[in-house]
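*Asks:* how does the following fold in three dimensions:
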Amino acid sequence: MTFQKTKLVLSIATATLTLAGAMVSPQASADYWKCIKSKTNTCKHHKHKKVVITKTVTVTAPAAAAYDDSALKAQLAAQAAEINALKAQPAPVAPEPVSKKGKDNMVFFRGGFAHSNKDRNGVSINNAVALGGGLAGGVADKDAWYMGAGFDFSLSDDLFGLSKGTEVLAELMFDYKEFGTVPGNALVGTAAANNTRSVTVNQFTLAASPKIKFLKGQDFRPWIQPLGFALQVVSPPTESITVLQPAMMFGVGADYRLWNNIYVGADARYHQAIGGTMDAVNTNGFTAGGYLGIGF
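*Replies:* Numbers count the residues shown, from 1 in each chain. Got it, this is the predicted structure:
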């Protein structure tokens, strides 16, 4: 009896499932083919006959606006031209090293030997006019000693752009020369006994000139004076009572820096009177000596 009930239950269940499958299958198949025929949907058929429809949405991006890069290209071209111009320039030249740095200006004190080309005459010595052609008084020596001082002022470090390391200075200098002391004359009588006074024969020079100095930055520095202007003042006056005569001056020398801004040097200068003699007095001559300089 129990077996028959069980068999009856199973038969009913089987019949129910068969009826359900028959009802579902036609509907699923219809839906499936409908999805396949659709142009906008994608269908997937799963094991359990489920139909999943996924809708594909196509998004069209707006067209990108055209970009004008002409300004950027112009800027890049300008920068490239500037770089090429910099490359074309010569490389900077490093300045030549100098051993030590000295001061450009200098004050100096001179002294040494002087010589006159001719004997000196004058109103109270060797006077050939006052006594009708005779000589009265003594004759001074042609040789003398001198002392003086001066200043150097720097104008250019490179000869005004023409020569590196060649300095141009302006020199202002004076010196005093003494040729000795001789008996004078009283301009009366002819006897030597009448010459009761002595006369110191001397000469004062004031000169200004350019000075070209080489090897700037070195301890040893030679220099030249191509041409300078000088004023010669003589004592005693000439027989015509003239005391002042212009002259040209030429010089050469060198100095060496001993320590810090202390210099020692030597020079030689020649003086040539402008216009020859001055009322029969010849002031042409030269000096040669040394000097001590202080840079500032």
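*Asks:* please make it C-alpha for all contacts and neighbour counts, starting now.
*Replies:* OK.
*Asks:* confirm residue 72 sits in a helix?
*Replies:* Yes - looking at residue 72 with DSSP: H, G, I helix; E, B strand; the rest coil, it is inside a helix.
*Asks:* dump the residue contacts of it.
*Replies:* For residue 72, the contact set (C-alpha atoms under 8 Å, 6 or more residues apart in numbering) is empty.
*Asks:* show the pLDDT at it.
*Replies:* At residue 72, the model reports a pLDDT of 83.
*Asks:* contact partners for residue 109?
*Replies:* 147, 148, 149, 150, 291, 292, 293.
*Asks:* for residue 266, helix, strand, or coil?
*Replies:* strand.
*Asks:* bridged to it, which residues?
*Replies:* residue 254, residue 290 (DSSP bridges).
*Asks:* tell me the spacing between it and residue 150.
*Replies:* Distance, residue 266 to residue 150, by C-alpha to C-alpha, to the nearest Å: 14 Å.
*Asks:* ok, residue 278 next?
*Replies:* Taken as C-alpha to C-alpha, the span from residue 278 to residue 150 is 26 Å.
*Asks:* in what helix or strand does the nearest residue to residue 264 once chain neighbours are set aside lie?
*Replies:* Spatial nearest neighbour of residue 264, chain neighbours left out: residue 292 (4.7 Å); criterion: C-alpha to C-alpha, 6 or more residues apart in numbering. Element membership for residue 292 (DSSP states H and E) is strand 285-295.
*Asks:* isn't residue 250 up against residue 230?
*Replies:* No - with contact defined as C-alpha atoms under 8 Å, residue 250 does not count as touching residue 230 (10.0 Å).
*Asks:* pLDDT-wise, which helix or strand of the chain ranks last?
*Replies:* Ranked by mean pLDDT, DSSP states H and E, the weakest helix or strand in the chain is strand 41-45, scoring a mean of 51.
*Asks:* ranges for the helices of this protein?
*Replies:* 2-37, 70-88 (DSSP state H).
*Asks:* lowest average pLDDT across the ones you listed?
*Replies:* helix 2-37 (a mean of 57).
*Asks:* picking that back up, tell me the contacts of the residue nearest to residue 264?
*Replies:* Contacts for residue 292 (C-alpha under 8 Å, 6+ apart) come out as 108, 109, 110, 262, 263, 264, 265.
*Asks:* not counting sequence-adjacent ones, nearest residue to the second one?
*Replies:* Put plainly, it is residue 109. residue 149 (4.2 Å).
*Asks:* burial of the one you found, as a residue count?
*Replies:* Residue 149 has 17 neighbours, counted by other C-alpha atoms under 10 Å.
*Asks:* quick one: contacts for it?
*Replies:* Neighbours of residue 149 in contact, by C-alpha under 8 Å, 6+ apart: 107, 108, 109, 110, 173, 174, 175.
*Asks:* and the first one, what is it in contact with?
*Replies:* Which is residue 107. 149, 150, 151, 152, 293, 294, 295, 296.
*Asks:* and which of those is nearest residue 199?
*Replies:* Checking the contacts of residue 107 against residue 199 with C-alpha to C-alpha, the nearest one is residue 149 at 25.2 Å.
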